[in-house]
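[1] quick one, fold the following:
(chains A, B and C)
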Amino acid sequence: MGVKSLMLEIALVFGMLLCAVMVIRAGRLLAAALWLAGVSVFTAMLLYRLGAIEVAVIELSVGAGLVTVLFVFAISVAGDQGMKVPSSVPKPLAWGLLAFALVLLLYLTLPPPEVSAMRAEAAFTETLWQGRALDVLVQIVMIFSGVLGFVGLLSESKSEQMAAVVALAEAEPEPPAEAAVTEADALLEQEPV
Amino acid sequence: MAGALSLLVILFPWTGAVIVALAARRNPRWLHLLAAVFAAAAAAAGLGLLFYTGDAPAVTLSLGGAFGDFTLVPDGLGAFLAAVAVVIGSLAVIFSADYMRGEAQLGRYYFLVLLFIGSMCGLVLSGSLLLMFIFWEMTALCSYALISFYNDDPKAVAGGIKALVITQFGGVGLMIGVLVTRAALGSDSVSALLNGADSLPPELLSLIAFGFLIAAAAKSAQVPFHTWLPGAMEAPTPVSALIHAATMVNAGVYLLARFYPAFAGVPGWTTAVVAVGMLTALMGALMALTSDDLKRVLAYSTISQLGYMFYAIGVGAVFASQFHLLSHAVFKALLFLGAGAVIHAVGTRDMRQMGGLGSQMPFVRGVFIIGVWALVGLPFANGFWSKELILEAGLADGPAWAYIVMLAVAGLTALYSFRMVWMVFFGKAWTGRRLHDAPAAMRGSLGLLAVGTLTIWLLAEPFKNLLASSLLRHIGEAEGSVLLAVLTNPATLLALGVIAAGLAAWWWRESLTGVANRLRFIAQAAQADFGFEWLNRQVVIVTHRTAMTLRTTQTGQLNWNAVGIVGGLVIVLLVLIVGG
Amino acid sequence: MTTVLVVGVFGLVAIGLYGLLIVRNLIKIVIALQLLTKAAALAMVVAGQVSGQVNLGQSLALTVIVADTIVAVVGLALAVQVRRRFGTLDVRQLSTQKR
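    The predicted structure follows:
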């Protein structure tokens, strides 16, 4: 492992973190989504350099490609409100907490053990399909729920019908059975917004 | 065979529960029949199990390294209690066919009752503490749902929630005991705790012992956790018979009896059990004496009798406690079902509005008097033998102060029992409409229980042999005939004398009004539940206030929740660093 | 070499958490979650390298990426529906909404 390789490594990590900072700093959602794609690209490069070629390819295509498309689509549907609102949590508190947590994490993990001797292992595909068969099964279930979620994302017309139904229901006077619920909500609303 | 039977005794009621729940929309007649058939099948399996007892696990379900093995061990003690649960349970189910006629939501009712019976059998047969804990909580859940069965009645709902909260408090004690056992011994099987108790560090063992005592006291409605049992009287009466005689309250006594050999050496433990039992017996009897609600009197008397069982375990007479449990299960089920027949006919639970019912309901009066005969401990009903056995063991091995109180409670028992019988069946005639005596299904259950009350003591010797393998191995109870021991002991006469004094006090109550007036403050304290209701309310109020205060931390805002997550992360990291 | 990667992973975690603490827009919260899961995937592979179980780490990283994508899809679907129903994506306003 030469100095040049280390420099490249540091550059990639630096790029990744820079993109991540820009994600948070970005004023518009669209910009944030694009910076996120940048994070994804840098992550994929790091993964590639670590020898996880298949994972890197999937990260690049899914993380940088598919997810970005999804975000752009969702933002176009939901609207890109430039939200320059003050945060609920005081920023010094957030900074302090995170800095403390980060120091503790690094204290626990640094210096990490260097790459140990490779154990005799099955090939990646074999590990994935045989050793981690349960994971694959769970992934399939997750993908199924993802499809359902995507259907939810697209189900515009139906939900508008639902909204019409809800609006109709609202027009009617509220049944007394909901009195307790509304009371609780009234309590909630007393808090300063 | 033992394995199949111990599975069946759980699975018959549960299968019945599922089928009844699925058939809930059918004709109610079918529901009654289905439930009765499954309960009777379970009863047959439970009685059959008595002939195949053994100390080895009959069923083993391996759950791998994390949980150990779930086992069912049909030893004498477990099989006996399972048999009590299924037999009394099936009689209660048969009784329900008349009592619950025309009620709505029979499917839910029978589902819960059958689930309850199966869970109780699982609890007593379980050979693994974790499995026992699961069944323990299942019985608590079912009892909550059954007490709140009339869920449009706020009193019933409140009673159910009270029972749930208090027994859950006990459940925490059991859970602590189970977890400590598992951590210290590396196994959570019952036999591991019994055999390995000596090797445990004393402070850990006392933690387990007192955790189990809290669990048992909460489940068996002992002081200071007894307040849920009177509230549980809002349940349909067959459920009261089931919970307060056959199943749930016995679970606490079972727990102590099962682990008595392990905990007897813990300093202060036996004294604590004796004190809890004595206080409970005394206060239960006093509250029964001052209550006017028929079912409440029976509930307080159950609390009092359970106090006797705790007392017996505390003085080391585990066999006597189990014998009294058997007697009590039979005669208390009889009394509750008899009271159910009365309430069903009259339509009220207030004894002041009854009176003179005997002439209209001679059958119920007959069986009820048999039940009271046994409750008081008059010869030669089953309660006589078991209560005398307890008192003699207390005289021989227990502290004198406790014995004197328990003897006095025997007199008080006689007093409140005869007061109850008098107010319901004799005295000034009831002026309401004409009443029918109990219908057929009720009569069947009541008759069987009455015969059992009069004859079950004949089985004392086989019963002792049955329990010998699981109890006497550890304890080594007195040899020789149980019945002969009772008859020849002079203490029997002493106890009978006290009981006669109690009877006499009721008979000459007119001339004793002076004494009664002087003791009025005790009566007032008893009617106020000795302040324990107040204590309960304070606990509820404090909890509620704390919750309302803590509520401000729940902003409902995602960002603040994330602050909580990061704060938790920091705490975990600090623990990791400090703890190495 | 590994030190750089570990610092990178934790840096990404910290930035993602900062986003969760500060950001009030629901869609942007989903984006911050994406940062966290990317850090998790990277951490899996690094840990596989360090412990010598390279392929195990990689297959777990794959699981993380799949989960990550599903989180994005479901989270976005929820955000879009919330926007339609309540007209806002501000979590502070949403916390006082009825229904």
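[2] going by C-alpha atoms from here, please, whenever you check contacts or count neighbours.
    Fine.
[3] surely B:Glu461 meets B:Ala468?
    No. Applying Cα atoms under 8 Å, one finds B:Glu461 not in contact with B:Ala468, separated by 10.4 Å.
[4] higher neighbour count, the two?
    Using other Cα atoms under 10 Å in any protein chain shown, the more surrounded residue of B:Glu461 and B:Ala468 is B:Ala468, with 19 against 13.
[5] ok, now how distant is the more buried one from chain A?
    50 Å (Cα to the nearest Cα, to the nearest Å).
[6] so who does that residue touch?
    Applying Cα atoms under 8 Å, 6 or more residues apart in numbering or on different chains, we find B:Ala468 in contact with B:Gly76.
[7] B:Pro439 contacts B:Asp98, doesn't it?
    Yes. Between B:Pro439 and B:Asp98 there is a contact at 7.0 Å, judged by Cα under 8 Å.
[8] where does the chain dip in pLDDT?
    Answering for chain A, as no chain was given. Applying pLDDT under 70 to chain A picks out residues A:1, A:81-84, A:114-122, A:128, A:131, A:153, A:155-193.
[9] that's the other chain; I wanted chain C
    In chain C (pLDDT under 70), the answer is C:97-99.
[10] tell me which element the most centrally placed residue in chain C falls in.
    When Cα atoms, centre = their mean is applied to chain C, the residue found nearest the centroid is C:Leu33 (2.3 Å). Element membership of C:Leu33, judged by DSSP states H and E, is helix C:26-51.
[11] just to revisit the earlier point, in contact with the closest residue to the residue nearest to the centre of chain C other than its chain neighbours, which residues?
    Closest residue to C:Leu33 apart from its sequence neighbours, by Cα to Cα, 6 or more residues apart in numbering or on different chains: C:Gly16 at 6.5 Å. By Cα under 8 Å, 6+ apart, the residues touching C:Gly16 are A:20, C:32-36.
[12] again, but for B:Thr270
    B:264, B:313-315.
[13] what is the burial count for B:Thr453?
    With other Cα under 10 Å as criterion, B:Thr453 counts 29.
[14] now do B:Leu22
    B:Leu22: 13 surrounding residues under other Cα under 10 Å.
[15] which of the contacts of B:Thr270 fall within helices?
    Counted as lying in helices by DSSP state H, out of the contacts of B:Thr270, are B:313-314.
[16] please identify which of the contacts of B:Thr270 is nearest to A:Arg132.
    B:Ala264 (50.6 Å; Cα to Cα).
[17] for the closest one, give me phi and psi.
    Here is the backbone geometry of B:Ala264 (degrees, to the nearest 10): phi -60, psi -30.
[18] in CSV, list the C-alpha atoms belonging to stretch B:269-286.
    Extracted in CSV, the C-alpha atoms of stretch B:269-286 (Å, rounded to 0.1, in the frame of the first residue of the first chain):
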residue,chain,number,x,y,z
TRP,B,269,-38.4,-16.3,54.0
THR,B,270,-40.5,-18.8,55.9
THR,B,271,-41.3,-16.2,58.5
ALA,B,272,-42.4,-13.8,55.8
VAL,B,273,-44.6,-16.4,54.2
VAL,B,274,-46.2,-17.2,57.6
ALA,B,275,-46.7,-13.5,58.3
VAL,B,276,-48.3,-12.9,54.9
GLY,B,277,-50.5,-15.9,55.3
MET,B,278,-51.6,-15.0,58.8
LEU,B,279,-52.4,-11.4,58.1
THR,B,280,-54.3,-12.4,55.0
ALA,B,281,-56.3,-15.0,56.7
LEU,B,282,-57.2,-12.6,59.5
MET,B,283,-58.0,-9.6,57.3
GLY,B,284,-59.9,-11.7,54.8
ALA,B,285,-62.1,-13.2,57.5
LEU,B,286,-62.8,-9.7,59.0
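[19] buried residues in stretch A:20-32?
    Within stretch A:20-32, the residues scored as buried using 16 or more other Cα atoms under 10 Å in any protein chain shown are A:20-24, A:26, A:28-32.
[20] now do stretch B:23-30
    The neighbour-count check on stretch B:23-30 (16+ other Cα under 10 Å) flags B:24, B:28 as buried.
[21] per-residue confidence averaged over it?
    The average pLDDT within stretch B:23-30 is 82.
[22] who's in contact with it?
    Applying Cα under 8 Å, 6+ apart, the contact partners of stretch B:23-30 are B:31, B:105-108.
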